[in-house]
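Student: Got a sequence here, can you model it:
(one chain, ligands or ions: 2)
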Amino acid sequence: ASINPQNLQRFKVVFLGDQATGKTSIVQRFLNNTFAGDQENGYAPTVGIDFITKTIFLEDRTVRLQLWDTAGMERFRALVPTYIRDSSIAIVVFDLTDRRSFLSIPHWMGEIERERGGDIATFLVGNKLDLESARAVSEEEGQQEAEKHGASYVETSAKTGANIKALFRNVSLSLPGVH
Ligand code: GDP
Ligand code: MG
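Tutor: Numbers count the residues shown, from 1 in each chain. Ligands and ions are numbered 1, 2, ... in the order given. Below is the predicted model of the structure:
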């Protein structure tokens, strides 16, 4: 059956978290199944507001995800509230090998809470799972931090692709009205 784009439900998904945690790499891995430095497929977000659309086929319907990457948003923090507004899902990314990015989680969760209250599904993503020997945050700590903020916890590697599909599948299943 063909899809009428007019009938697709659209949902805004925002990525937050410190610089260099892998937000852009996660989006790129999901969209193109590629990793790092490969700009030839045309995904090179600029500073500011930028999103890319991906259609997701669920069992009972098709939805369109607007993935909002936050290039430079880490430095222009005053823009963050505008960016979170109207979003259905927020994904906070930290680097499993960088404790400082883990300690920033309350800041990002606070921004989401202030802008959206409880009216949003939140995911906490510990990325760079492939760098197991450099791990600075345990899975248990990540899990506990997620619970503290009412978020679902997923550990991923944008480099190997580990758990990237699972992350977006869980995101899709958390959309309003999906069962
Ligand atoms: P952003 O600033 O949060 O968008 O982070 P980027 O996606 O630009 O990634 C920052 C750096 O981390 C880049 O050098 C990436 O190649 C690297 N990186 C991102 N994800 C992973 C990962 O899963 N594993 C490893 N080893 N490196 C990663
Ligand atoms: Mg980026």
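
Student: what's the burial count for the closest residue to residue 99 other than its chain neighbours?
Tutor: In space, and not counting its chain neighbours, residue 99 is closest to residue 136: 4.5 Å by CB to CB, 6 or more residues apart in numbering. Heads up, the C-betas are built off the backbone N, CA and C, glycines and all. When counting by other CB atoms under 10 Å, one arrives at 16 neighbours for residue 136.

Student: sec struct for residue 59, please.
Tutor: Secondary structure state of residue 59, per DSSP: H, G, I helix; E, B strand; the rest coil, is coil.

Student: The residue nearest to residue 99: what's it in contact with?
Tutor: 96, 97, 98, 99, 102 (CB atoms under 8 Å, 6 or more residues apart in numbering).

Student: One more: residue 64?
Tutor: Neighbouring residues of residue 64 by CB under 8 Å, 6+ apart: 5, 8, 9, 10, 11, 53, 54, 55, 56.

Student: How far does the helix or strand containing the fourth one sit from its chain's centre?
Tutor: With elements taken from DSSP states H and E, the one containing residue 10 is strand 9-16. Put simply, strand 9-16 sits 9 Å off its chain's centre (CA atoms, centre = their mean, to the nearest Å).

Student: So what's the gap between the lengthiest helix in the chain and the chain middle?
Tutor: Secondary structure of the chain per DSSP state H: the longest helix is helix 105-116. Centroid separation for helix 105-116 versus its chain: 14 Å, with CA atoms, centre = their mean.

Student: okay, now residue 133: neighbour count?
Tutor: The burial count assigned to residue 133 is 6, neighbours taken as other CB under 10 Å.

Student: for residue 147, that is, sorry about that
Tutor: Neighbour number of residue 147 under other CB under 10 Å is 12.
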